[in-house]
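**Student:** Just the structure for this:
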Amino acid sequence: MPPLRAPEHIRSTANLREFQRVMMQVVTRPLGPGNRTKRRWSDGRLTKEVVETFSKQNDRLSGLERIEIYNRMYWFRTLDSLYEDLPGVRAVLGQRKFMRLMEAYLVKMPSRSFTLRDLPSRLEKFIRSNAKLTAPHTALAADMAAFEWAQIECYDGAARAPMTPDDLADMPPSRLKMDVQPQLRLLSLQYPVDDYKIALKKSATRTVASNAVEEAASVKRVAKTVRRPKPKQTYLAVHRHEGIIYYKNLELASYRMLQALREGKTLPQAVASAGPRAKAAQVQAWFANWMQLGWFCPRK
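**Tutor:** This is a model prediction of the structure:
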C-alpha cells in the first residue's frame, strides 16, 4: 500500500521513497469523468488533500491542477503508445473493448521501464489471466498480443555475426552447436494471426485510399471487413532482415528443431527433436534456407 500522504520533509532515502510512491500513485491513477484527475482518493478523502502534501499552488494553478497535467500526460501518452503498437489486438477486440483492456492493464501493470517500447511486454499474460475483459476472443487476443510483442522485440533485438559454411566445416557434426539469432522470435499459437494481420493491412490500405477524408471511420470499418480467423495451430518465426520485420510459417518439426538449437542442443540432437516424420531432404532444405537467412550464429 502506498503511504497516505507525502512526508513533510525529505531527510532520508526512506522519506524520498515515500514521496516517490505517493506521487507515482497520483500520476498513474485512472482519469475520472471528462479525462480529469479523480476528485476523490481511494479512501474517500479529497484528492486535493493528498496532492497538496507535495504539490503547491503557484500564481496560475492550484497544486491539484499542476499534478493533473502529469496525470493526464501519463494516461494519454501510454494509451496512445499501446494504441499504435497493437493494431492487431485492436482489430480483434474493437476500439471500446480494447481501450477498456488497456486501462485495466495499466492499472494492474503500470509502466516500470524508462521506455514506452516495453509497455506491451506483459500483455499476453494479463489477457490470459483476465479472460472476462476479452471474452469471447481471449485466446485470439492473447495470441495477437504475443505476436505483436514479438515484432517489437525483434525490431530492436540484438543480432550477431551469422555462421558461415566455414564455421560448420571446422566442427564435427556430432559436436556442432549453434545458436539462433537473439532477435529471432519463435511462437507457438492457436490462431493464424500472421494471415489475419496481413489481411487487416490490405483492407486498411484499400479502405483508407478510397475514403481519405473519413480516415477515422475507415479504420473502424477495416476490422468489420476482415473476419476473425478460426483456430488453427500455427508456428511462426519472427525475424529481421535489413531492418525489416518478416514472419515465416514453420512446421511443427522445424519449430522443434529451432527450439532445440536455441536451448543449446547439438545439431544431431536438434534433428532428432524434429521427430521421425521429418525426412532428411526436408531437414537439409530447412537448414539451407535458415543459413541463407542468417538465422544461426556461433554459440558463446
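
**Student:** Only C-alpha atoms, please: export stretch 245-260 in CSV.
**Tutor:** Below are the C-alpha coordinates for stretch 245-260, written out as CSV (Å, rounded to 0.1, in the frame of the first residue of the first chain):
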residue,chain,number,x,y,z
ILE,A,245,10.5,-7.5,-39.9
TYR,A,246,9.3,-10.7,-41.6
TYR,A,247,7.3,-13.6,-40.3
LYS,A,248,7.8,-17.1,-41.6
ASN,A,249,5.5,-20.1,-41.1
LEU,A,250,7.1,-23.2,-39.7
GLU,A,251,6.1,-26.8,-39.5
LEU,A,252,6.0,-28.4,-36.0
ALA,A,253,9.1,-30.4,-36.8
SER,A,254,11.1,-27.3,-37.9
TYR,A,255,9.8,-25.3,-34.9
ARG,A,256,11.0,-28.1,-32.6
MET,A,257,14.4,-28.2,-34.3
LEU,A,258,14.9,-24.4,-33.9
GLN,A,259,13.8,-24.5,-30.3
ALA,A,260,16.3,-27.3,-29.6
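
**Student:** For it, the averaged confidence score.
**Tutor:** Here stretch 245-260 scores 95 as its mean pLDDT.

**Student:** how far does that stretch sit from the chain's center?
**Tutor:** 20 Å (C-alpha atoms, centre = their mean, to the nearest Å).

**Student:** Contacts for that stretch, please.
**Tutor:** Outside stretch 245-260, the residues that touch it by C-beta atoms under 8 Å, 6 or more residues apart in numbering are 147, 151, 154-155, 180, 186, 188, 194, 233-240, 269-271, 273-275, 277-278, 282-283, 286, 290, 295. Any C-beta I mention is one placed from the backbone N, CA and C, and that applies to glycine too.

**Student:** Can you list which of these are found in strands?
**Tutor:** Those of these mapping onto strands are 180, 186, 188, 234, 235, 236, 237, 238, 239, 240, per DSSP state E.

**Student:** So how do I select the buried members of the residues you listed in PyMOL?
**Tutor:** Selection of buried members from the ones in strands among the contacts of stretch 245-260 for PyMOL, criterion 16 or more other C-beta atoms under 10 Å:
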select buried, resi 180+186+234+235+236+237+238+239+240
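
**Student:** In a markdown table: the ones in strands among the contacts of stretch 245-260, plus pLDDT and distance to residue 100.
**Tutor:** Shown next, in a markdown table, are the ones in strands among the contacts of stretch 245-260 (pLDDT from 0 to 100; distance: C-beta to C-beta, whole Å):
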| residue | pLDDT | distance to residue 100 |
| --- | --- | --- |
| 180 | 93 | 37 |
| 186 | 97 | 31 |
| 188 | 97 | 28 |
| 234 | 97 | 27 |
| 235 | 97 | 31 |
| 236 | 97 | 28 |
| 237 | 97 | 33 |
| 238 | 97 | 28 |
| 239 | 96 | 33 |
| 240 | 93 | 33 |
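
**Student:** Among the ones in strands among the contacts of stretch 245-260, which one sits closest to residue 135?
**Tutor:** residue 234 (21.5 Å; C-beta to C-beta).

**Student:** now residue 185, which residues is it bridged with?
**Tutor:** residue 238 (DSSP bridges).

**Student:** From residue 238, how far off is it?
**Tutor:** According to C-beta to C-beta, to the nearest Å, residue 185 and residue 238 sit 4 Å apart.

**Student:** For these two, list the residues in contact with both.
**Tutor:** Going by C-beta under 8 Å, 6+ apart, residues that sit against residue 185 and also against residue 238 are 150, 151, 154.

**Student:** Break this structure into its domains for me.
**Tutor:** Residue ranges for the domains of the chain, per automatic domain parsing: 1-85, 158-192+233-298.
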